[in-house]
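Enquirer: Sequence and predicted structure are below.
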Amino acid sequence: MFPNFLPQEVYLLKNSKSISIARSIKRHPLLTSLSQNPIATAYIEWGTGDLPILLLHGFDSSLLEFRRLIPLLSSECETWAVDLLGSGFTERLSDISYNPDKLRRIYIAL
């Protein structure tokens, strides 16, 4: 079963590991200076190990960009992929202007 916030196109995935990754996507409410309310932020956490790895995609993309890389990395390391605010499967609030400089300042502050 896929999370209900994913689009119907997720059912077009064919690779079993890609399907597993899509099924494991979660959202966590993230409080930022962009909004008075938390923003439901999509992420996955796979694997275990002493060395955590954080994967961030580019703009107009999603954490599923890493669907083939995550299984390889997570066999040795704790691997996280997070959708940027306003991108991917993270909640996109209409009253927020998302731009690279604003997002950079937000992520540095976290």
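Expert: Sure thing, it's come through.
Enquirer: C-alpha only now, for contacts and for neighbours.
Expert: Will do.
Enquirer: Buried ones in the helix ranked longest in the chain, by neighbour count?
Expert: Looking across the chain with DSSP state H, the single longest helix is helix 100-109. Neighbour-count burial for helix 100-109, with 16 or more other Cα atoms under 10 Å as criterion, is recorded at Leu103.
Enquirer: and what of stretch 19-36?
Expert: 19, 21-27, 34.
Enquirer: Looking at those residues, which are in helices?
Expert: Mapping the buried residues of stretch 19-36 onto helices (DSSP H) picks out 19, 21-23.
Enquirer: quick one: which of the residues you listed is nearest Ser87?
Expert: The closest of these to Ser87 turns out to be Ala22 (Cα to Cα; 15.6 Å).
Enquirer: Show the contacting residues for the closest one.
Expert: 2, 10, 64 (Cα atoms under 8 Å, 6 or more residues apart in numbering).
Enquirer: wait, is the first one part of a helix?
Expert: No: assessed by DSSP: H, G, I helix; E, B strand; the rest coil, Phe2 does not belong to a helix; its assignment is coil.
Enquirer: where's it relative to Arg23, distance?
Expert: 5 Å (Cα to Cα, to the nearest Å).
Enquirer: Could you do the last one as well?
Expert: Summarising the geometry, the distance separating Leu64 from Arg23, computed by Cα to Cα, is 11 Å.
Enquirer: How about the second one?
Expert: Remark: distance between Val10 and Arg23 (Cα to Cα) = 9 Å.
Enquirer: can you give me how far stretch 6-15 is from the chain middle?
Expert: Computed by Cα atoms, centre = their mean, to the nearest Å, the separation of stretch 6-15 from the middle of its chain amounts to 16 Å.
Enquirer: Stretch 15-25 now?
Expert: On Cα atoms, centre = their mean, the centre of stretch 15-25 falls 13 Å from the chain's centre.
Enquirer: show me where pLDDT drops low in this protein?
Expert: For the chain, residues meeting the criterion pLDDT under 70 lie at 109-110.
Enquirer: Run through the helices of the chain in chain order.
Expert: Under DSSP H, the chain gives helices at 16-23, 70-74, 100-109.
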